[in-house]
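**Q** quick one: sequence plus predicted model below, questions after.
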Amino acid sequence: MTGGRRWLVTGAGGMLGTDLVAALAGREVTALTRGDLDVTDVAAVAAAVHGHDVVVNAAAWTQVDDAQTHEPEAFAVNAVGAANLARACAAGAAWLLQVSTDYVFAGDAQVPYPEDAPTAPRSAYGRTKLAGEWAVRALLPDRSWIARTAWLYGAAGPNFVATMRRMVTTHDTVGVVDDQSGQPTWTGDLADRVVAMVDAQAPAGTYHATAAGATTWWGLARAVFELSGADPARVLRTTTEQFPRPAPRPAWSVLGHDRWALAGLPPMRAWDEALRAAWTSLPEPAR
Ligand SMILES: NC(=O)c1ccc[n+]([C@@H]2O[C@H](COP(=O)([O-])OP(=O)(O)OC[C@H]3O[C@@H](n4cnc5c(N)ncnc54)[C@H](OP(=O)(O)O)[C@@H]3O)[C@@H](O)[C@H]2O)c1
């Protein structure tokens, strides 16, 4: 695979997909939203992949709680959809970059998960995303990358940072869980990293595409309040037990980044530095 690549982005209308298409400006890109291509449609996927050199799959069922009661539907997108793309790539010469998640891990570790740590998803969403990883590795072992990411925020979708930014203006105080740790990751940085790893012709395999450092949701909310010019003391600590959700959330979503050295790339920048850099590109809450 050399320069002049023809790129295909699936799920191009999503939060990551939108930033990916922006990061690929000036290149030869086919950007397909869900309306253009349903990744569960095997024949449509084969036709769409034809003629491309790199496929980035940003399409997914991402409603974590709904997946608990709609696992077959989530599986169709996250596992069968990924398999359809991998099979179509295998039929030609294309590489596939499959975006995955920290939810493939049990979330009960105390040190960053290395890329080859054993997986043990605790939710339906995590199971379906892990099945997608397996399918891609099995069908396209030498021409695929799995890029696991987590705690995404960006300009083009609902996310925790946008919610907290809105709450600065609508709430005096807000209670946020302080017993889940992770790596808030800007979709702008992730999109740049996807392009960089393809350009660097990173070896096929699994990479952890999350920001460096770690914080809790409480820590992230405080950072959002600070950047909004509000008093971070308005963000109060709560616990997961006080905020039960249909799908269990991993307590520990901190991922290790050692594999980037194989690609000759440094780890991604720290989450707080990225948040400051992203800030002006994120939409202000409607008043
Ligand atoms: N958001 C996070 O915090 C997070 C964390 C870890 C990993 N990830 C992974 O990162 C990737 C991007 O997520 P995101 O945050 O950008 O999610 P998103 O905004 O929900 O984008 C996903 C896109 O996929 C589309 N889609 C759903 N079903 C489809 C189908 N059958 N065929 C084609 N497109 C379909 C969605 O369209 P509709 O909106 O019309 O349904 C949406 O545009 C996903 O692989 C996700 O699993 C996200």
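**A** Yep, that arrived. Numbers count the residues shown, from 1 in each chain.
**Q** quick one: contacts for the residue nearest to Gly213 when sequence neighbours are not counted?
**A** With C-beta to C-beta, 6 or more residues apart in numbering as the criterion, Gly213 has its nearest non-adjacent residue at 4.3 Å, and that residue is Ala270. For every residue, glycine as well, the C-beta is placed using N, CA and C. Remark: with contacts taken as C-beta atoms under 8 Å, 6 or more residues apart in numbering, Ala270 is in contact with 211-213.
**Q** most neighbours of all these, which one?
**A** Within the contacts of Ala270, neighbour counts (other C-beta atoms under 10 Å) peak at Ala211, which reaches 28 neighbours.
**Q** where does Gly175 sit: helix, strand or coil?
**A** Look at Gly175: counting by DSSP: H, G, I helix; E, B strand; the rest coil, its state is strand.
**Q** contacting residues for the closest residue to it other than its chain neighbours?
**A** For Gly175, the nearest residue in space outside its immediate sequence neighbours is Thr238; the separation is 4.1 Å by C-beta to C-beta, 6+ apart. Contacts here follow C-beta under 8 Å, 6+ apart; on that basis Thr238 touches 175-178, 218.
**Q** quickly list what Thr238 is bridged to.
**A** With beta bridges defined as DSSP bridges, Thr238 has these partners: Val177.
**Q** model confidence score at the residue nearest to Gly213, please.
**A** You'll see Ala270 listed with a pLDDT of 98.
**Q** cool, and Ala286?
**A** 76.
**Q** backbone dihedrals for the residue nearest to Gly213, please?
**A** Here is the backbone geometry of Ala270 (degrees, to the nearest 10): phi -70, psi 150.
**Q** that one and Gly264, how far apart?
**A** Distance from Ala270 to Gly264, counting by C-beta to C-beta, to the nearest Å: 20 Å.
**Q** kindly reformat the contacts of Ala270 as TSV containing distance to the ligand, pLDDT and secondary structure.
**A** As requested, the contacts of Ala270 are exported to TSV (distance: C-beta to the nearest ligand atom, whole Å; pLDDT from 0 to 100; DSSP: H, G, I helix; E, B strand; the rest coil):
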residue	distance to the ligand	pLDDT	secondary structure
Ala211	12	98	coil
Ala212	16	98	strand
Gly213	17	98	coil
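**Q** and which of the residues you listed is nearest to Gly14?
**A** Within the contacts of Ala270, proximity to Gly14 (C-beta to C-beta) peaks at Ala211, which comes in at 19.2 Å.
**Q** distance-wise, check the closest residue to the ligand within the stretch 1-150 of the chain relative to Met167.
**A** Among the residues of the stretch 1-150 of the chain, Gly14 lies nearest to the ligand; the distance is 2.1 Å by C-beta to the nearest ligand atom. When distance is defined by C-beta to C-beta, Gly14 is 24 Å away from Met167.
**Q** and Val194, by the same measure?
**A** Applying C-beta to C-beta, one obtains 31 Å for the distance of Val194 from Met167.
**Q** with neighbour numbers in mind, choose between the two.
**A** Between Val194 and Met167, Val194 has the larger neighbour count (other C-beta under 10 Å), namely 27 against 21.
**Q** that one touches Ala209, doesn't it?
**A** Yes: applying C-beta atoms under 8 Å as the test, Val194 and Ala209 come out as touching, 7.4 Å apart.
**Q** next, show the common contact partners of those two.
**A** Counting by C-beta under 8 Å, 6+ apart, the residues touching both Val194 and Ala209 are Ala147.
**Q** and Ala135, which of the three is it?
**A** Under three-state DSSP, Ala135 falls in the helix class.
**Q** residues near it, how many?
**A** Counted with other C-beta under 10 Å, the neighbours of Ala135 add up to 22.
**Q** likewise for Asp108?
**A** 10.
**Q** that one: what's it in contact with?
**A** Applying C-beta under 8 Å, 6+ apart to Asp108 gives the contacts 250-252.
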